[in-house]
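Q: Okay, predicted coordinates and the sequence, questions at the end:
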Amino acid sequence: MTKARNSRTPTVSDFTVAMDAIAPTALAQDWDNVGLLAGDLSSKIRRVLFAIDMTPAVTAEAIRAKADLLFCYHPPIFQPIKNLVTPGNGTESLVFLCIRNNIALYSSHTALDVADGGTNDVIAGLCGIDQTQPLEYVDNPGENNSKIVVFAPPEHIDAIANAAFAKSAGIIGNYSQCSFRTGGTGTFFGNDGTRPTIGKRGRPERVNEIRLELITPHSKLPAVVSAICGAHPYDEPAFDIFPVTPTPTRGIGRVGDLPVQSTLNKLAQKLAKATKAQNAAIVGRSTTKVKRAVILVGAAGSLPFRAGVGAGDVIITGEIRHHDALAIERAGATAIALGHWTSESPILKSIINRLKQTLPGVDLTLSRSDQEPFTHLKKPNS
């Protein structure tokens, strides 16, 4: 007799967990609005529709398809909503329609821009680049650490350190009981009501002390402070607490060397074909040789200039402002603008393929109504 396979239907909560493994919401920019924007976490999902933008056509498609969740790369809820009314011209009316039809809404946006294998990495892959670094680093998500510094007589330092170690202080990577100790001189004047362990109240004192430094998970800080105070001989222990920022490893945009030197036109044609760009444009001479790519999907803005672009560099993005294009030319660099929507859309197939591994049995469908809002203007007959 064979065991029955687990046939539990995934829920909205399962989808959020699966997406957070791909693009942790903690990676998003502070100004962004990502994650589950609307929906019942306990609702079952059998069909998910994926799109870059939430438009009336995409919303209608989701309703027709009886989708249980609509994934939109761009957050349909961005600014605070004052009312949900339909009909209307804003996305609020579309949000209302989704809620009325029990369709949950999820967005990743800048979290997906930062994440490994996200929007910028997909474009880098189309360029043949497999080694990149972020254009601008962001703080790592997760538990933050603090550094606690305490001062005590030398003969009591080991007892204080051991008490702190027992409460999870002093852990760095695979090492435990980590600390740093330096000697110095402490001074104090005990007022009436004090009971100095060393010296006497009512007169200045100078004592030899050790400065003990320990890394402590922020969530463990109260327990560590309590343990230190309990093991400390002084009635008023002196200590400092400093926040510790983890070393950033992820960030917005990507910078990487092209595996084979190319011309601007050749690379632009390759990307336009791969993304099916209808309105791709270039900045610079088409025959210019390009060696390094600075990738930032969507709207580049001024961020690429922080990479110190110059001759041989090509900025690959969705859209470029006029004056930024002029600045790119002055720097001697080049650029490829694939279209805002077009530069971001390749990520959707990638997400679907990755989610198939964690959400078996769920129909993950790419929207047919989600399209580049710009169309190419045909030249009039001469």
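A: Great, that's in hand. Note that the structure is predicted; figures quoted are calculated from it, not measured.

Q: Show me where the stretch 201-350 of the chain has its strands.
A: Assigned by DSSP state E, counting those that start in this stretch, the stretch 201-350 of the chain shows strands spanning 204-217, 239-244, 250-263, 281-283, 289-299, 313-319, 334-337.

Q: Determine which of these approaches Pro380 most closely.
A: Nearest to Pro380, of all the strands of the stretch 201-350 of the chain, is strand 281-283, at 20.0 Å by C-beta to C-beta. Yep, even glycine has a C-beta here, placed from its N, CA and C like the rest.

Q: chain center to the closest one: distance?
A: Centroid separation between strand 281-283 and its chain, computed with C-alpha atoms, centre = their mean, to the nearest Å, is 29 Å.

Q: buried sites along stretch 23-43?
A: For stretch 23-43, the neighbour count (16 or more other C-beta atoms under 10 Å) marks 23-25, 27-28, 32-39, 43 as buried.

Q: Give me the distance between the two termini of that stretch.
A: Using C-alpha to C-alpha, to the nearest Å, one end of stretch 23-43 lies 22 Å from the other.

Q: Name the surrounding residues that touch it.
A: Defining contact as C-beta atoms under 8 Å, 6 or more residues apart in numbering, one finds that stretch 23-43 is touched by 11-13, 16, 20, 68-69, 75-78, 95, 98-99, 102-112, 114-115, 118, 138, 141-142, 250, 252.

Q: make it 6 Å
A: By C-beta atoms under 6 Å, 6 or more residues apart in numbering, the residues outside stretch 23-43 that reach it are 11-13, 16, 75, 77-78, 99, 104-112, 114-115, 141.

Q: From Asp313, how far off is Arg292?
A: 5 Å (C-beta to C-beta, to the nearest Å).

Q: Between those two, point out the one with more neighbours.
A: Of the pair Arg292 and Asp313, Asp313 is the one with more neighbours under other C-beta atoms under 10 Å, namely 22 against 17.

Q: was I right about the more buried one contacting Ala333?
A: Yes - taking contacts as C-beta atoms under 6 Å, Asp313 lies within contact range of Ala333: 4.4 Å.

Q: Filter the contacts of stretch 23-43 down to just the ones in helices.
A: Residues of those located in helices (DSSP state H): Val12, Ser13, Thr16, Ile99, Thr110, Ala111, Leu112, Val114.

Q: how about these in a markdown table, adding distance to Lys379 and pLDDT?
A: Output for the ones in helices among the contacts of stretch 23-43, formatted as a markdown table (distance: C-beta to C-beta, whole Å; pLDDT from 0 to 100):
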| residue | distance to Lys379 | pLDDT |
| --- | --- | --- |
| Val12 | 48 | 96 |
| Ser13 | 52 | 96 |
| Thr16 | 48 | 97 |
| Ile99 | 45 | 94 |
| Thr110 | 38 | 94 |
| Ala111 | 41 | 94 |
| Leu112 | 37 | 96 |
| Val114 | 40 | 94 |
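
Q: which one among those gets closest to Ile148?
A: Ranked by distance to Ile148 (C-beta to C-beta), these are led by Val114 at 30.7 Å.

Q: number of nearby residues for the closest one?
A: 26.

Q: Next, the contact list for it, please.
A: Contact partners of Val114, counting by C-beta under 6 Å, 6+ apart, are Leu27, Val138, Arg250, Ile252.

Q: Go ahead and build a ChimeraX selection from the buried members of those.
A: If you want just the buried ones from the contacts of Val114 in ChimeraX, going by 16+ other C-beta under 10 Å, the selection is:
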select :27,138,250,252
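
Q: Quick one: buried ones out of the ones in helices among the contacts of stretch 23-43?
A: The neighbour-count test (16+ other C-beta under 10 Å) applied to the ones in helices among the contacts of stretch 23-43 identifies Val12, Thr16, Thr110, Ala111, Leu112, Val114 as buried.
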